[in-house]
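> I'd like to go over a predicted model; first the sequence, then the structure.
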Amino acid sequence: MEPSVETHNLTVIYDKKPAIWNIDFTLPTGKIIGIMGPNGSGKSTLLKAIMGIIEPNIGYSKVFDKELDDVRTRVSYVPQRQSVDWDFPASVWDVVAMGRFATKGLFKRLSKEDNDIITESLAKVNMTPFTNRQISQLSGGQQQRVFLARALAQNADLYLMDEPFVGVDAATEQAIINLLKSMRDAGKTLLVVHHDLHTAQDYFEHMVLLNSRLVAEGPTDEVFTQEILTETYGGTLTTLSKVASALKEKDFPMRHK
Amino acid sequence: MNFFTEIASFFTFSEPNVKVVFWGSLILCSISGLVGTFTLLRKRSLIGDVISHSVLPGIALAFIIGQQKNPLYLIIGATVTGWISTYLVDYITKHSKIKNDTAIALILSVFFGVGVLLLTHIQHSGNASQSGLDQFIFGRASAMNMSDVWLFTIVGSIITLLVVVFFRGLSLLSFDESYSQSIGFPNELLKLVLSITTVVTVAMGVQAVGVVLMSALLITPAACAKFWTNKIIPMAILAVVLSGVSGVLGSAISYTYNGMPTGPWIVVVISLFAFISAFIGSKHGLLKKYIQRAKNNTKILRENTIKLFFNPDTLGETTFQFEDIFEKSNMQRGTLKKGLKLLKSDDLITLDNGTYTTTEEGINEAKAIVRKHRLWELYISRFMHLQPDHVHDDAEGIEHVITPEIEKELEKELDFPTKDPHDSDIPY
Amino acid sequence: MIDFWIILTASLVATTTAILGCFLIMRKMAMIGDAISHAVLPGIVIAYYLTNSRASFPILLGAAASGMVVTYLIQFFNQRVKLQQDASIGISYTFLFAIGIILISLFSNDVDLDQDCVLYGEIAYVPLDTLTLGGFNVGPRQVWILGTTLLIIAGSVFIGYRKLVLTTFDPAFAAAMGVSVVLWQYYLMAGVSLATVVSFESVGAVLVIAFLSGPAATAFLLTKDFKKMIYLAIGFGISASIIGYYMADWLAGSIAGAIATIIGVQFALAFIYIQFLRKSRISETLENKVLT
């Protein structure tokens, strides 16, 4: 089976962002995969590096065994809800329609098929009654559903989601996880950043445990062990962060040729 | 006309009015350097921009009401509208979805527009003593008189006194507002002190620099100082000095070339200080960065070269011909020669008849760098769960940044290991 | 006829800047507009001086060059030497503007530019400078220049609308889709620079900020649809131009200043209206709660 995402020595060390070191893994397809780790452990950084939103200092990643640029239409990214300004004057429909822009380019009008996909995506997240609602009037959970609907409208094979469960109500959380499961059953791969340990085992079949470095990666029943969790959540490696700050402070090249 | 003799004549105070200009600009610019330090640290530099544009309608109104160019009236008028403008920016940002930058741009330009409207209205209504009013737009230090200077001295002293009295609170407010709140400092009072001093400073400063460029006088001196120090007292002092010097130099140039507005010259001088500071400043200065990089490269070259002399079998002395060592390295010929020269000048190796031999010190250095390399390999293979064949490249880079302190920690954390992941000995 | 030309000029400026302003304020870049509008001055002055004419092309080149310098300076201070963003903007544009004013003083004998007009324009003189085509007087030169600019800006925004909205609302999502956020940023900045430069003669460096930020902000308060926001902003800009013109006439003051004043009044009214609406809505819900 082709791997969904693979990273090779992926290292990102920038000012003011949680760093990641030497992340090296190959993830399977058709699974709900959790990226777990404490605050500031570089979970979002990892997603952004995979999506090419930030440039890694060292290493690279591949998606479906290809360069990201060759498979972009097969990948969908769901940013953190707080990363956008919800006062932007747009309706729920407007935001979800953005999911169709990738295939439509600059000019092509949205076809009936596109409109159907948007309607359907909204129905899947139970947001149909809010279609014309202005986005600033939505609750946190509803905003998250809009983001998911936009991702659904992209009709991708791989979904990278940054903290989709943060700040949502219990009902939304349940609805989202059910949606993810049905997507998985349809053969999609879902890579989800999450930090709640209590629900992790129920949600994910496969896990990436991160704390600046990769602690473990594998099927949940293999890696969700007390020992690995202690290593993941048992504080940062002080020596590692000292080396990182020495690199930054002295403006040292990461690798000398 | 010789530029330098003209400038020199300014500083000899040969004309009586020169003294006025000198003291006037010195006081105004120094005060704004002082106040600007706090606005810069509070990341509210652009508020200075708002205030300076917004004093214009106040000046025009003061003129309409007072029917003459009375410096006290003008300062009061300017202070009032300047203060209203900052209040409005905060109010709009707080009570609507309008973002801070939009509120700043809006208030700044609308107040300025009102000012322009009033000013042109005055001009067209033909009031005889209106002349001199439009000097507020770009400033004309030469138009100041002795009573202006007295006023600046008094108001400036009050501002300085306020800043000194509230110094501790203002510094804390600027560095960490929420901490200041949490230990019970009267944040609201402090903010009020700061906004009043800023507004009054701007209201006075427009006399010399004009409304458009007054914001530079709040921002640039403090920014210059920030390239040299992170401590607030030296920063404030440096900002005051640089600002004062720019004020005097700028007005000297403007005074010498009659017809030149003062504001732009002061701003150009202080901006030049800013460029110089950005290049050679000790904090984030470019030159410092280049030197650091050059140092890094030298260190890397030196360590990579001495590493070639590491003798894994005896851990002792090694001897090499140039060609042998060149083959072993994957450096350019010239680079290697440079590296060897470095080692020789540091007495890590000796050169005798084309043969390089390590000294005692050289042996230790070679061991040290190999030790750091292998410790790091072991560290990342253990804590990052990397395969042994993945660790070498990383260690090639990191070995050069490991300080003795980090090295000790690594040893301790790895429990004083003897073997690296490739099962080679770690040399001590 | 003079009334008509002046109002038309102001309306053209207002329309162009309103379109761009909507994107600028949603991107939190209103102050970058401020910086660019001040910083183009030295380029304009040097171009005036070298070509000794008001021909538009060299002026545009000069302005574009200094626009690039200020963008570079801001980036230099902010990224290369780690100075905070607001201070980087402040230092860079005041420096260039100061240079511009000094150049005007130096070249005052050769350059027909007035210090004050740099700040608030000379819209009243626009109708005097007319364009003759094939022997016919076809109206003020500025109106033609501004009209062309409006067409270019409106066309570019129409072409890039989707990507501009996408990169404005959610840059991370846009980047993940393979849309270059930086490219579209420059696309917009190029538009802002062009609009500022051609508006310079009529409304000046400071008041163009009022045109850029004011109508867009007022529209933002009142609508929940981005397209409507653009149309509303254009409407506010044009109505401010008309009302402002007559107010200036009445007060015998600067036309551009009066328009900026009206822009401020429009915003204030919209702001008060919104506050009032919110309060009445809160008290309504309170009443409902008490009743039930």
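Nice, I can see it.
> When you work out contacts or count neighbours from here on, use the C-alpha atoms and nothing else.
Noted.
> Let me know the secondary structure of the one residue in the stretch 1-150 of chain A that gets nearest to chain C.
Closest to chain C within the stretch 1-150 of chain A is A:Pro89: 4.3 Å, counting by CA to the nearest CA. Here A:Pro89 takes the coil state, with states given by DSSP: H, G, I helix; E, B strand; the rest coil.
> Surely it and A:Asn132 touch.
No. In this structure, A:Pro89 is not within contact of A:Asn132 by CA atoms under 8 Å, at 11.8 Å.
> Residue 245 is in what secondary structure piece?
Picking chain A for this. helix A:238-249 (DSSP states H and E).
> The chain in question should be chain C.
Per DSSP H and E, C:Tyr245 falls inside helix C:226-251.
> and the helix holding A:Ser245, is it in reach of chain B?
Yes. Contact of helix A:238-249 with chain B (CA under 8 Å from any CA of the partner chain) involves A:Thr239, A:Lys242, A:Val243, A:Ala246, A:Leu247.
> Show the buried residues in these.
Buried members of the residues of helix A:238-249 next to chain B, scored by 16 or more other CA atoms under 10 Å in any protein chain shown, are A:Thr239, A:Val243, A:Ala246, A:Leu247.
> can I assume the second one is in contact with B:Ile402?
Spelled out, that is A:Val243. Yes. Using CA under 8 Å, A:Val243 makes contact with B:Ile402 at a distance of 6.9 Å.
> The helix or strand bottoming out on mean pLDDT in chain A - contacts with which helices or strands?
In chain A, the helix or strand scored least confidently by mean pLDDT, DSSP states H and E is helix A:101-104, which has a mean of 76. With contacts defined as 3 or more CA pairs under 8 Å, 6 or more residues apart in numbering or on different chains; DSSP states H and E, helix A:101-104 has no helix or strand neighbours.
> which residues touch that helix?
With CA atoms under 8 Å, 6 or more residues apart in numbering or on different chains as the test, helix A:101-104 has contacts from A:Thr73, A:Leu110, A:Gln154, C:Arg162, C:Met177.
> try stretch C:20-33
Residues outside stretch C:20-33 that contact it (CA under 8 Å, 6+ apart): A:88, B:99, B:101-102, B:104-105, C:89, C:164-165, C:168-169, C:188, C:191-192, C:209, C:211-213, C:215-217, C:220, C:229-230, C:233.
> From the buried ones among the residues of helix A:238-249 next to chain B, pick the one nearest chain C.
Nearest member of those to chain C, counting by CA to the nearest CA, is A:Leu247, at 16.8 Å.
> With adjacent residues omitted, what lies nearest to the closest one?
B:Val401 (6.7 Å; CA to CA, 6 or more residues apart in numbering or on different chains).
> Near the one you found, how many other residues are there?
Other residues lying near B:Val401 total 21 when counted by other CA atoms under 10 Å in any protein chain shown.
> Does it belong to a helix, a strand or coil?
B:Val401 - assigned by three-state DSSP - is coil.
> quick one: pLDDT of whichever residue of the stretch 1-150 of chain C sits closest to chain A?
Closest to chain A within the stretch 1-150 of chain C is C:Met26: 7.1 Å, counting by CA to the nearest CA. pLDDT, C:Met26: 95.
> separation between it and A:Gln137?
18 Å (CA to CA, to the nearest Å).
> Neighbour count for these two, which is higher?
C:Met26 (23 against 14).
> and the least confident helix or strand of chain A, which residues are buried?
Neighbour count says helix A:101-104 has A:Phe101, A:Ala102 buried, by 16+ other CA under 10 Å.
> next one: that helix to chain centre, how far?
Helix A:101-104 has its C-alpha centroid displaced from the chain centroid by 21 Å (CA atoms, centre = their mean, to the nearest Å).
> Check stretch B:26-41 too.
Its chain's C-alpha centre and that of stretch B:26-41 lie 14 Å apart, by CA atoms, centre = their mean.
> just to revisit the earlier point, quick check, the helix holding C:Tyr245 touching chain A?
Yes. Using CA under 8 Å from any CA, helix C:226-251 reaches chain A at C:Phe226, C:Met229.
> Which strands and helices lie in contact with that helix?
helix C:2-26, helix C:181-222, helix C:255-291.
> Measure how it sits relative to helix C:2-26, angle-wise.
For helix C:226-251 against helix C:2-26, the angle by axes from the mean of the first three to the mean of the last three CA atoms, to 10 degrees is 140 degrees.
> about what we covered before: if you count surrounding residues, which of A:Pro89 and A:Asn132 has more?
Of the pair A:Pro89 and A:Asn132, A:Pro89 is the one with more neighbours under other CA under 10 Å, namely 22 against 12.
> Could you list the buried residues of stretch C:170-185?
Residues of stretch C:170-185 classed as buried by neighbour count (16+ other CA under 10 Å): C:170-179, C:181, C:184-185.
> Next, format those as TSV and append distance to A:Phe147 and secondary structure.
Output for the buried residues of stretch C:170-185, formatted as TSV (distance: CA to CA, whole Å; DSSP: H, G, I helix; E, B strand; the rest coil):
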residue	distance to A:Phe147	secondary structure
C:Asp170	11	coil
C:Pro171	14	helix
C:Ala172	13	helix
C:Phe173	10	helix
C:Ala174	13	helix
C:Ala175	16	helix
C:Ala176	14	helix
C:Met177	14	coil
C:Gly178	18	coil
C:Val179	18	coil
C:Val181	19	helix
C:Trp184	23	helix
C:Gln185	23	helix
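> mind listing the strands for the stretch 301-428 of chain B?
B:319-321, B:349-352, B:355-358 (DSSP state E, counting those that start in this stretch).
> Point out where the stretch 151-292 of chain C drops to low pLDDT.
By pLDDT under 70, the low-scoring segments of the stretch 151-292 of chain C are C:285-292.
> Can you tell me which residues in it are near chain A?
Going by CA under 8 Å from any CA, the residues of the stretch 151-292 of chain C near chain A are C:159-163, C:166, C:169-170, C:172-173, C:175-178, C:220, C:223-226, C:229.
> what's near enough to touch the spatially most central residue of chain C?
Geometric centre of chain C, nearest residue: C:Leu212, 3.6 Å, by CA atoms, centre = their mean. By CA under 8 Å, 6+ apart, the residues touching C:Leu212 are C:Ala14, C:Thr17, C:Ala18, C:Leu20, C:Gly21, C:Cys22, C:Ala30, C:Gly33.
> how big is the angle separating whatever helix or strand B:Ile64 lives in from helix C:181-222?
Using DSSP H and E, B:Ile64 falls within helix B:45-66. Counting by the same axes, to 10 degrees, helix B:45-66 lies at 40 degrees to helix C:181-222.
> average pLDDT for helix B:45-66?
Mean predicted lDDT for helix B:45-66 stands at 89.
> Do a quick rundown of the helices in chain A.
Ranges of helices in chain A, per DSSP state H, are A:43-50, A:68-71, A:92-97, A:101-104, A:112-124, A:140-153, A:170-185, A:197-203, A:220-223, A:226-233, A:238-249.
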